[in-house]
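> Build me a structure from this.
(one chain, ligands or ions: 2)
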Amino acid sequence: MDIRPYRSVLYIPGSKERALDKARELPVDAIIFDLEDAVTPDAKVEARATLAQALAVGGYGARVKIIRINGLDTEWGAGDVEALRDAGADVFLLPKVNSAADVQALSDLLGNGTPIWAMMETPLGILNAAEIAAHPQLTGFVAGTNDLAKELNCRYRADRLPMQMALQTILMAARAHGVIAIDGVYNQFKDDDGLRAECEQGRDMGFDGKTLIHPAQVDVTNTAFAPSEAEIDLARRQIAAYEEVEASGQGVAVVDGKIVENLHVETAKKILAMASAISSL
Ligand SMILES: CC(C)(COP(=O)(O)OP(=O)(O)OC[C@H]1O[C@@H](n2cnc3c(N)ncnc32)[C@H](O)[C@@H]1OP(=O)(O)O)[C@@H](O)C(=O)NCCC(=O)NCCSC(=O)C[C@H](O)C(=O)O
Ligand SMILES: [Mg+2]
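Ligands and ions are numbered 1, 2, ... in the order given. This next block holds a predicted model:
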C-alpha cells in the first residue's frame, strides 16, 4: 500500500531566510514555500532567489516540498514559474483556482509534468471542485479558509458552520478523484486548545492533514492526524478477527460489539499502513 502522511503542511514565507532555515529541523510532513500572501509585493521578486537558494542548499529531507506561486493573473505568477521550474519542488501550488483551465494554464507554463495542487478558496473554485480534481496533473487540494471567509463574507466560528458546505465539497471532489485534501489554517497560532479542536474536526471530516502557519502548531497537528494507539490496536484486532471468520467461510466478524466486514478491514489496513509510514519517518 503506497501511503504517505500529510498531517502537517507548514507555510513558510519564501522571503524569510530564518524561517527557511528553521524548517529543516521541524517534524512536518510537507512544506509550502510561499511566494503569495506571506510575501509583500516589494519583496516578491527577491523572494524567488532566496527560495531557489534555500532549495539548492537542501536539507529538507523527506518533507514534501511545495512551492506556492502567485496567481497567473498577477504580474508575478509567470515569473515565479520561470524562476523556480527546475528548483527541485515536488509540487507547485496554484492559489485561487477557479476552474480546470487555471490548472491547465500552469501545466502549460511548467511544461515538465510536475504535480500541481490547487488552493480551494474561491466560490467559483468550490463550485467547480469536481472538474478541477479531475485534471490529470492535479494531485492535491488545500482549503484556503481565510480567502473563503473573505469571499463568502462569513464569520469565523469555532464550529466552522458557514464553511461546512465548501469544506465537504472539497473533500467529495478530492475523494472522487483520488486527490489529497488538506484543511485550512488556524490563525490563532498560540491557542493550542482551539487548534486541537479544529484539527480533530478536520480529521473527523476526512482531511489528510492541516496547513499551519507557525512551528508551535506542529505537534498538536501531528498528533491529531496520526492514528492513535487505540485505533492501531482496534485495527489489528479487526483484521485478526476477520481473517479468523473468513477462514471458516463467513464474511462478518464482531469486535467490541460492532460488525467487521471486508470494507472495515480495508480501513483497518490503511490505518496500519499510515502508522507504519509515520514511524518510518
Ligand atoms: C505569524 C508569524 C508572522 C509569526 O512570526 P514570528 O513573530 O517571527 O514568530 P516567532 O518569533 O514566534 O517565531 C519563532 C521561530 O519560528 C520561526 N518561524 C516562525 N514562523 C515560521 C514558519 N511559518 N515556518 C518556519 N519557521 C517559522 C521564526 O523564524 C523563529 O525562528 P528562530 O528565530 O530560529 O527561533 C510567522 O509565523 C509567519 O510569517 N507565518 C507564516 C504566515 C504565512 O505563511 N501566511 C500565508 C499562509 S496562510 C494563507 O494564506 C492560507 C490561505 O491562502 C487562505 O486563504 O486561508
Ligand atoms: Mg488564500
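> use CA for all of it now, contacts and neighbours both
Will do.
> residues in contact with the closest residue to Tyr60 other than its chain neighbours?
Among residues not flanking Tyr60 along the chain, Arg24 sits closest, at 5.0 Å (CA to CA, 6 or more residues apart in numbering). Applying CA atoms under 8 Å, 6 or more residues apart in numbering to Arg24 gives the contacts 59-61.
> Please produce a PyMOL select command covering the buried subset of these.
Listed next is the PyMOL selection for buried residues among these, using 16 or more other CA atoms under 10 Å:
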select buried, resi 60
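> Might you report the residue contacts of Thr122?
Contacts of Thr122 (CA under 8 Å, 6+ apart): 96-98, 147-148, 151.
> Could you rerun that using 6 Å?
96, 148 (CA atoms under 6 Å, 6 or more residues apart in numbering).
> Quick check: it vs Thr145, distance?
From Thr122 across to Thr145, the span is 9 Å (CA to CA, to the nearest Å).
> All the helices of the stretch 51-200 of the chain, in order from the start?
77-84, 100-110, 123-127, 129-133, 145-152, 164-176, 192-205 (DSSP state H, counting those that start in this stretch).
> show me the contacts for the closest residue to Leu167 other than its chain neighbours.
Closest residue to Leu167 apart from its sequence neighbours, by CA to CA, 6+ apart: Ala143 at 7.2 Å. Contact analysis of Ala143 by CA under 6 Å, 6+ apart lists 119-120, 183-184.
> ok, Ala143 to His214 distance?
17 Å.
> Next one: the residue of the stretch 151-281 of the chain found nearest ligand 2 relative to Tyr60, how far apart?
Of all residues in the stretch 151-281 of the chain, Gly184 sits closest to ligand 2, at 9.2 Å by CA to the ion. Distance, Gly184 to Tyr60, using CA to CA: 23 Å.
> Mind pulling the model confidence for the closest residue in space to His135 that isn't next to it in sequence?
Using CA to CA, 6+ apart and skipping residues adjacent in sequence, the residue nearest His135 is Ala100, 6.2 Å away. Looking at Ala100, its pLDDT stands at 98.
> And Ser228, by the same measure?
Residue-level pLDDT assigned to Ser228 equals 97.
> ok, it - how many residues close by?
13 (other CA atoms under 10 Å).
> cool, Arg175 as well?
16.
> same deal with Ala241?
Using other CA under 10 Å: Ala241 sits among 17 other residues.
> How about the one 10 residues further on?
A total of 14 residues lie near Gly251 under the criterion other CA under 10 Å.
> And Ala56, by the same measure?
Neighbours around Ala56, by other CA under 10 Å: 11.
> got it, and Ile31?
Counted with other CA under 10 Å, Ile31 comes out at 25.
> same deal with Gln137?
17.
> Check the gap between Leu281 and Pro162 for me.
Separation of Leu281 from Pro162 (CA to CA) stands at 36 Å.
> So those two - more neighbours on which side?
Taking neighbours as other CA under 10 Å, Leu281 and Pro162 compare with Pro162 leading, 15 against 12.
> which residues sit in contact with Phe225?
So Phe225 contacts Arg7 (CA under 6 Å, 6+ apart).
> wait, Phe33
Counted by CA under 6 Å, 6+ apart, Phe33 has contacts 12, 14, 66-68.
> of the residues you listed, closest to ligand 1?
For the contacts of Phe33, the minimum distance to ligand 1 (CA to the nearest ligand atom) is 4.3 Å, reached by Ile12.
> Could you single out the nearest of the contacts of Arg24 to ligand 2?
Closest approach to ligand 2 among these (CA to the ion): Tyr60, at 24.2 Å.
> Could you report the neighbour count for the residue lying closest to Thr50 once chain neighbours are set aside?
Of all residues not flanking Thr50 in the chain, Ser15 sits nearest, at 6.1 Å (CA to CA, 6+ apart). By other CA under 10 Å, the residues close to Ser15 number 23.
> Isn't Ser15 up against Glu46?
No: Ser15 lies out of contact with Glu46 (CA atoms under 6 Å); the separation is 7.3 Å.
> returning to that earlier point: could you tell me which ones among the contacts of Phe33 also sit near ligand 2?
Contacts with ligand 2 within those, counted by CA under 5 Å from the ion: none were found.
> Which members of the residues you listed define the maximum pairwise distance?
Maximum pairwise distance among these (CA to CA): 11.1 Å, between Gly14 and Ile66.
> Those two: which has the busier surroundings?
Neighbours were counted for Gly14 and for Ile66 using other CA under 10 Å; Gly14 has more, 28 against 23.
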